[in-house]
Structures are given as C-alpha cells and as structure tokens.
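Colleague: sequence? don't have it. structure:
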C-alpha cells in the first residue's frame, strides 16, 4: 500500500467556523490560494451555511467568485442541507462553483438535533435529496460527525457509523470522512473503526477528520494511517472544530494541526507532497490572520530532523 | 504481555529544572507527596545537581529530609556525576535517601559536552564509578539522552544507543530510559529502537522518556507501547525538558503531558493504576504552583469517554 497521503487543509472552513471575528473576504481568498500553492490537493474553501447562523461564511459566493483555482485541486464547500446544495449548484451554473461538496450526518440523535436541527432520519432523507441533486456536478464527500463518541450521548456504536458509511456508498458517495468531532477517539478505537471500513467497504475512500481535543490528534492519525487510511483533514495552527459541550466548561477542541501532522508524517517517511519549510511560513500567516499564537508546535520549535532522518 | 504500565511523574524534577522561579521547598514536598498519593509508583523527587548551575534543586536534601514516603513507591533523584552520587549516599546514610537514582549519558558528543561538560568516554568512565558506588544502595536507572536525534548533530545512530543500553546492562543497571530529549523521534523511529531493545536486550526494562517538542509525544508513547515498552516518564502540564537549541529560536520542549497520557492510555484500555478525576485536580495544582496555564488538554476539555468506552 502506497505511503502517499492526501491532506485536506481545513483552516478556511472548519478552522474559521467558530472564530468570533469576521475574516475579510480578500484574506480568505488569499489563504485558500496560498494553501493550494503549497501543494494541498484538497482545500476547504467555504461553507454554504445559513449566514444568520454562521456569519463567517456569509461571503461564500464572493470568495468563490474571485478565487484563482489550480488545476487538479479539489476546493470543497460544506453543505448541511438542500438549500446549501442549491446555492452550490447556482454558483456552479454561474461558473464560480467548487468541485467538491460535503454532506453531513451525525452518528447520534442528540448531536444531529443540535448541530443539524433535525433527527438522523430527517437528515438522511435530506442527504438522499442532496446527493441526487449534486450527483455528477461535484465530487461528493460524506461526513459522519461524532463517529467516535458524542459529547451528549457518550459512546457511539461503531455499527451505526458503519451503516452510515454504507448508506453514503449506496448513494454514490465514494469518499466518507469519519469525524472525531470532540476528540473522543483513541488510537485503538480509531484503528478499529477505520480498519472495519477499509476491510468491509472497499468501494469507499475513508477520510480521517480528527480533532485534538484531548491531545490525541496525531496519535489517532498514526492509528488511522496504520489501519490503511490515506486521506486526512487538518487545519493550520490546529484551530477550529466544534464547540465543546463537555465537563469543565468546554474548552479547546481544535482540528489536528496541519504543520505538526505534516512534520510527523514526513519524519515517518510518509509522503505528503508538501514542503515543510514553506508550511511554517503559512502557519505564521494564519497566526497573523487570527491575531494570536495558534497551537502548532513545529511553528515554535522547528521541524527537527525530518529531512535527515532515514527510516529503514 | 500485560497492559499495565508504570508512569513516572517527572514534574518535580524534569518539569522544574528550567523554571526560572524557585519553587519553595514545602511546595515541592507537598507536590511529590501528592503524586505518590495519586498512585504513581515512581516519582522524580529531586536532582543532586550543582546548586550553582541548577539553583532550583539547591534544596534537594531539604526536600528529602521531610518527604513522607509511601511504601512501594520509588522516589528518584537525578545524578549527573560522582559528586551527586556521593550526596545521594550521604543522605541515604542520614536516613533521608531516595531509593532510586538515575545515571545520565548522552548519545552524542556535542550534547554530552554541553549537558554534562564531558566527552562520552569521560562520562562512561564516571558512570562506571557511579554505578559501582551506588550498587545495592539504590535502584539504578540508566538514561540515554538525545537517543532519537540531537539538536546539535542531527540524526543519531541507533547502534550507538543500543551499545549504551548494553553497557548500562553490563554495569547491572536493569532499567534504562531512552530520552527523546528534544522531540526528534517519530512513531516509526521510536518503535524501531524500542523494538530492538525489547527483542535484543531482554534483561533490560526500557523506559520511554519522550518529549512533546513537535507534538508527537502521545503518538510516540503509543508507538513505544506497541513495541513492548511498559514504563513511561511524563510531567503534569507537559512542562519541563531540555532548552531547545533548534532553528527558529528554540521554543517549547516539554515532557509528554501526564494527564493527557493517562487519559489516552485509560481510554485505550491500558491500565495506569491512576484515578483520572483526581489527576485533573493535581494538574490544576501544578498550574497554580507555576502561576500559569500549562499544556494539558484534558485539563481544559475534560476526560471524555475514558470510563465508558469499551474496547473489544
């Protein structure tokens, strides 16, 4: 099995989703263009969220209208409902569309109600419509949120997640992300569930969308890699993610940090196709954009021996 | 192989070593006692460093003079040279000694010169004397620093580290820590080297002393665990470690964070013998002691599903 991985840079969507300050459209565009220049072949560009609920992405179409695209790069927009897909289709008809959209389902009823304002059954009915409307127009990415544990319900039955992945596959959605939305996964639960997808659903390309809520983000990525996963989502500076609804008043629930993930994978001999030194510059740019120090460790300490270390 | 692990709490030594402010003796004592109460069966208590070089541990004997000991717990003092061992022996003769000391060697000449002010050959000559003087008086822990990479020399030959471990074993030092002093290890280099120790040096109990410099601390602990390691060093709040001498102006080089490590291991079904909820309280106490927020993630976000998650 090849050790080439595909990392999707999520800063401009999952990263910004809960940022209180609006990042100006031109800055978003410049960042997304910069990410693609770095060699990311998948970049989250924006979200067709309800602007009243997520004002950060009220400029979704404005971003896409001016974004310079690189050939071969997938630019993703998140779609929570049919209205979002319709906006994606309208932008596509106007010649400014993305080439990849994601369709979301939550693995638990409680999370579905709070995040998507609908039951799982209602959301699956929507997804069926959304997939039908979008089929052939975009590459479709299925996303199963809280796949490894739910802040409201606790443990999640892996069988439910497997059924969700299968359902996506039956709708022709060949790429499916399992989201560890609030970082409940551990290396063994991550390996077990992705291992089942890899073994039992060969028509699906699994994506590890992991959060570093409890510090296990990189360890969980290694577990997913060892289970055969080759697609990973991460965010510069480790920002973003779902607001925590856990004990101790919530807290930090960011994505896996891109620059730390890439440094680790490259040190392991796993080919990310990305230039580490240039990554650090962009990590700094992301810090400037948000006006604060983010969570990346290699941004502070350097890349170490990645280039020199040989692995037998 | 049993999945019971032994974690050595390093806050009071490796954690405090580079703290600029002197932590009052009574606070150090209270912390070390608290660590042992939590269930740590190994606790770094102090260091017999030269007080002129490391003023933080100028109170080594004062700490030990009043420290209440729990039966079955190993209290460790770090010994860099023969003078340190002589101080450890004097305290022992006075009835206030520790029951475990560590003997240090660096895997590279450059690090040996800067950290121990001697060549590797000189340090090995000292260690031979130190081990002879200490034999039968303390449990001895060998430590090989920069075992996975050196900030001055880059890559480190695993053969050199293996020879050092063997040399410790020949001196009767049955526990040997491999130190990833500046966090250059990655899950594969960690697994490879510990795997060699486990396979080739069965008389040695290996200890993973890993630093989180590049965010890979927990991932590297999992790699060590999977390679058969059952002894780990960590520090509350992830503080401590060797000052960085790397590109980008140095930076964060802390130990693996105890509370995050324990939360992950327990979630994985690995028995640490520690009570997670009580750990969080002590993590907070460590933050109060240093007067700042430390690096633990579960301290902020809660423990997740550790108790509820079942692993088949």
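Modeller: Happy to help now that I have it. Quantities reported herein were computed from a predicted structural model and do not represent experimental measurements. Residues are numbered from 1 along each chain as shown, chains lettered A, B, ... in the order given.
Colleague: Please work out how many residues are found near residue A:99.
Modeller: Residue neighbour count, defined by other CB atoms under 10 Å in any protein chain shown, stands at 15 for residue A:99. C-betas here are computed from N, CA, C, even on glycine.
Colleague: what sits against it?
Modeller: A:74, A:75, A:138, A:139 (CB atoms under 8 Å, 6 or more residues apart in numbering or on different chains).
Colleague: Can I get these in CSV including distance to chain B and secondary structure?
Modeller: Shown next, in CSV, are the contacts of residue A:99 (distance: CB to the nearest CB, whole Å; DSSP: H, G, I helix; E, B strand; the rest coil):
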residue, distance to chain B, secondary structure
A:74, 26, strand
A:75, 27, strand
A:138, 33, coil
A:139, 30, strand
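Colleague: so which of those comes closest to residue A:195?
Modeller: residue A:139 (24.7 Å; CB to CB).
Colleague: Okay, and the beta partners of the closest one?
Modeller: Taking DSSP bridges, one finds residue A:100 as the beta-bridge partners of residue A:139.
Colleague: is it true that it touches residue A:175?
Modeller: Yes - between residue A:139 and residue A:175 there is a contact at 7.0 Å, judged by CB atoms under 8 Å.
Colleague: between the two, which one's more packed in?
Modeller: Remark: of residue A:139 and residue A:175, residue A:175 carries more neighbours, 20 against 16, as counted by other CB under 10 Å.
Colleague: you'd agree that one is up against residue A:207?
Modeller: Yes - using CB under 8 Å, residue A:175 is in contact with residue A:207, at 6.0 Å.
Colleague: Give me the common contacts of those two.
Modeller: By CB under 8 Å, 6+ apart, residue A:175 and residue A:207 have these common neighbours: A:141, A:231.
Colleague: residue boundaries of the strands in the stretch 151-300 of chain A?
Modeller: All strands of the stretch 151-300 of chain A, identified by DSSP state E, counting those that start in this stretch, fall at A:175-180, A:205-210, A:231-234.
Colleague: go on, the stretch 1-150 of chain A?
Modeller: Under DSSP E, counting those that start in this stretch, the stretch 1-150 of chain A gives strands at A:6-9, A:42-47, A:74-79, A:100-106, A:139-145.
Colleague: sorry, back to before: emit the ChimeraX select command for whichever of the contacts of residue A:99 are buried.
Modeller: Only the buried entries of the contacts of residue A:99 go into this ChimeraX selection, using 16 or more other CB atoms under 10 Å in any protein chain shown:
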select /A:74,75,138,139
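Colleague: Make CSV out of the contacts of residue A:99 and add pLDDT.
Modeller: Shown next, in CSV, are the contacts of residue A:99 (pLDDT from 0 to 100):
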residue, pLDDT
A:74, 98
A:75, 98
A:138, 98
A:139, 98
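Colleague: now the contacts of residue A:99 as JSON lines including distance to residue A:86?
Modeller: Formatted as JSON lines, those follow (distance: CB to CB, whole Å):
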{"residue": "A:74", "distance to residue A:86": "21"}
{"residue": "A:75", "distance to residue A:86": "18"}
{"residue": "A:138", "distance to residue A:86": "13"}
{"residue": "A:139", "distance to residue A:86": "18"}
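Colleague: how near is the closest residue to residue A:167 other than its chain neighbours to chain B?
Modeller: Excluding the flanking residues, the one nearest residue A:167 by CB to CB, 6 or more residues apart in numbering or on different chains is residue A:124, at 6.8 Å. According to CB to the nearest CB, to the nearest Å, residue A:124 and chain B sit 25 Å apart.
Colleague: Get me the contact residues on the stretch 51-200 of chain A for chain B.
Modeller: Selection of the stretch 51-200 of chain A residues close to chain B by CB under 8 Å from any CB of the partner chain yields A:149, A:154, A:155, A:182, A:183, A:184, A:186, A:187, A:188, A:189, A:192.
Colleague: Just to be sure, which of these are found in helices?
Modeller: A:187, A:188, A:189, A:192 (DSSP state H).
Colleague: Report how many residues lie close to the closest residue to residue A:291 other than its chain neighbours.
Modeller: Of all residues not flanking residue A:291 in the chain, residue A:21 sits nearest, at 7.9 Å (CB to CB, 6+ apart). As a burial measure, residue A:21 scores 10 neighbours (other CB under 10 Å).
Colleague: Just give me the neighbour total for the residue in the stretch 1-150 of chain A positioned nearest to chain B.
Modeller: The minimum distance from the stretch 1-150 of chain A to chain B, using CB to the nearest CB, falls at residue A:149 (4.8 Å). Neighbours of residue A:149 under the rule other CB under 10 Å: 25.
Colleague: what's the neighbour count on the spatially closest residue to it that is not a sequence neighbour?
Modeller: Nearest in space to residue A:149, with sequence neighbours left out and distances taken as CB to CB, 6+ apart, is residue A:184 at 2.5 Å. Neighbour count for residue A:184, taken as other CB under 10 Å: 28.
Colleague: Residue A:184 contacts residue A:150, correct?
Modeller: Yes - under the criterion of CB under 8 Å, residue A:184 is in contact with residue A:150, at a separation of 7.5 Å.
Colleague: What ranges does chain A have for its helices?
Modeller: Under DSSP H, chain A gives helices at A:25-38, A:60-66, A:82-93, A:109-116, A:120-134, A:158-170, A:187-200, A:217-226, A:258-267, A:276-290, A:298-301.
Colleague: out of these, which comes closest to residue B:269?
Modeller: helix A:187-200 (6.8 Å).
Colleague: centre of the chain versus that closest one, how much separation?
Modeller: On the basis of CA atoms, centre = their mean, to the nearest Å, helix A:187-200 sits 18 Å off its chain's mean C-alpha point.
Colleague: cool, and stretch A:141-157?
Modeller: 15 Å.
Colleague: neighbours of the residue of the stretch 51-200 of chain A found nearest chain B, just the number please.
Modeller: Closest residue of the stretch 51-200 of chain A to chain B, CB to the nearest CB: residue A:186 (3.9 Å). Neighbourhood size, residue A:186 [other CB under 10 Å]: 32.
Colleague: Fine by me, thanks again.
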